[in-house]
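Colleague: Below: sequence and its predicted model.
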Amino acid sequence: MVVVGGATRLTGSGLSITQWKPVSGALPPMSDHAWARAFGEYRATPQYRLVNRGMSMGEFQFIYWWEWAHRLLGRVVGAAFAIPFAVFLIARRLPKRLIWRCATLLGLGALQGLVGWWMVKSGLEARISVAPERLAAHLGLALVLYGALIWTALEAWAGEAGREDRRRDAWRVAGAALAAGIFVQCLLGALTAGDKAGLIDNDWPLMGGRLVPIDYWRGSFWATMAHGASAVQFNHRLAGYGLLILGLGVAIAAARARQLPGAIRGLAIAVGALVSAQVALGVLTLWSGVSLPLAILHQTNATIVLGAALCTAWRTCRI
């Protein structure tokens, strides 16, 4: 779902459907008249008038199908969770400790749909794209849901936790810090994407030939941190360097700590390797001018890195 959402954004398809109909919207236009009406609604948006004026029906259908597939996949994911949840609940097959978790997950999924529409609305009125901060909120909530799904699945698989070994608190802190840092970095990546910051300063390790971009400050904190293209790319780079140091540090420490369970050592080393690969992918994506395949791969690997870090954090809590 996250990958398809990223592809939808990268292809400029997110504003092609200008209405939110949770039930009837599951069906695409079924006639030439319906397609003409959908295209007419899109032609009324600033994005069409200022960016895509003159596009053909075929070009419109291309972006429409991306957004429709993203929304349909959201509905399918919701049904795939809600129906079994209801069945297991009625049959009393769910342990009490998981009921509230699953109910919360279902609520987060519904909220994600609302946040998605709130994001889309920001690009239908006075902008040619969605607001970067709303894009970050939409991705952030998706990743919260993703992380909660992973954590709940691990809890369901492993059973109730036993007594913890408090001598290992440092590893719990390290696991939590790494997962939290990766989550924040994903949000910075969303701001970078929302501001199209990857399309400027495509040199590395410098930015526009400078260590700090000359146009970093935009007059206010919010304008700089949320809407300054150079600033958000620079912040994303710095956070990436910090995560690389932290990820490799945790991996090296875990490899040397022979008293740690092998599962934790393996997960920590895997996270360090994945973070290193993600930094390399980020540089390649930047150098390519945000090539579509590389950009999708960069976002895909980000979710994998986060998932692996969450597995590591969960496993440290079960020492």
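Modeller: Nice, I can see it. Numbering: from 1, shown residues only.

Colleague: Flag the shaky bits of the stretch 151-300 of the chain, pLDDT-wise.
Modeller: 162-167 (pLDDT under 70).

Colleague: rerun at 80
Modeller: The model of the stretch 151-300 of the chain has pLDDT under 80 over residues 160-168.

Colleague: ok, which stretches of it are strands?
Modeller: Remark: no strands are assigned in the stretch 151-300 of the chain by DSSP state E, counting those that start in this stretch.

Colleague: what ranges do the helices span in it?
Modeller: Secondary structure of the stretch 151-300 of the chain (DSSP state H, counting those that start in this stretch): helices located at 169-194, 221-227, 229-256, 262-287, 292-317.

Colleague: Return the distance of the last one from the chain's centre.
Modeller: Read that as helix 292-317. Relative to the chain's own centre, helix 292-317 is displaced by 10 Å; criterion: CA atoms, centre = their mean, to the nearest Å.

Colleague: cool, and the longest one?
Modeller: From the chain centre to the centre of helix 229-256 is a distance of 18 Å (CA atoms, centre = their mean).

Colleague: So what angle separates the directions of that helix and helix 292-317?
Modeller: Between the axes of helix 229-256 and helix 292-317, defined by axes from the mean of the first three to the mean of the last three CA atoms, to 10 degrees, the angle is 40 degrees.

Colleague: Which of the residues in helix 229-256 are classified as buried?
Modeller: In terms of neighbour count (16 or more other CB atoms under 10 Å), helix 229-256 has its buried residues at 229-237, 239-240, 243-244, 246-248, 250-251, 253-254. Every C-beta, even on glycine, is put in place using the N, C-alpha and C of the backbone.

Colleague: And that helix, what does it pack against?
Modeller: Using 3 or more CB pairs under 8 Å, 6 or more residues apart in numbering; DSSP states H and E, the elements in contact with helix 229-256 are helix 169-194, helix 221-227, helix 262-287.

Colleague: Export those as JSON lines, with columns for distance to residue 315 and mean neighbour count.
Modeller: Shown next, in JSON lines, are the helices and strands packed on helix 229-256 (distance: least, CB to CB, whole Å; neighbours: other CB atoms under 10 Å):
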{"stretch": "helix 169-194", "distance to residue 315": "8", "mean neighbour count": "20"}
{"stretch": "helix 221-227", "distance to residue 315": "34", "mean neighbour count": "14"}
{"stretch": "helix 262-287", "distance to residue 315": "5", "mean neighbour count": "19"}
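
Colleague: For residue 65, find the nearest of those.
Modeller: Among the helices and strands packed on helix 229-256, the nearest to residue 65 by CB to CB is helix 169-194 (20.9 Å).

Colleague: Determine the set of other helices and strands touching that closest one.
Modeller: If contacts are counted by 3+ CB pairs under 8 Å, 6+ apart, helix 169-194 sits against helix 2-10, helix 132-158, helix 229-256, helix 262-287, helix 292-317.

Colleague: got JSON lines for those helices, with distance to residue 104 too?
Modeller: Below are these laid out as JSON lines (distance: least, CB to CB, whole Å):
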{"stretch": "helix 2-10", "distance to residue 104": "19"}
{"stretch": "helix 132-158", "distance to residue 104": "7"}
{"stretch": "helix 229-256", "distance to residue 104": "28"}
{"stretch": "helix 262-287", "distance to residue 104": "25"}
{"stretch": "helix 292-317", "distance to residue 104": "16"}
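
Colleague: mind checking which of those is nearest residue 192?
Modeller: helix 229-256 (4.7 Å).

Colleague: returning to that earlier point: could you export the helices and strands packed on helix 229-256 as TSV, including distance to residue 78?
Modeller: Below are the helices and strands packed on helix 229-256 laid out as TSV (distance: least, CB to CB, whole Å):
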stretch	distance to residue 78
helix 169-194	22
helix 221-227	30
helix 262-287	29
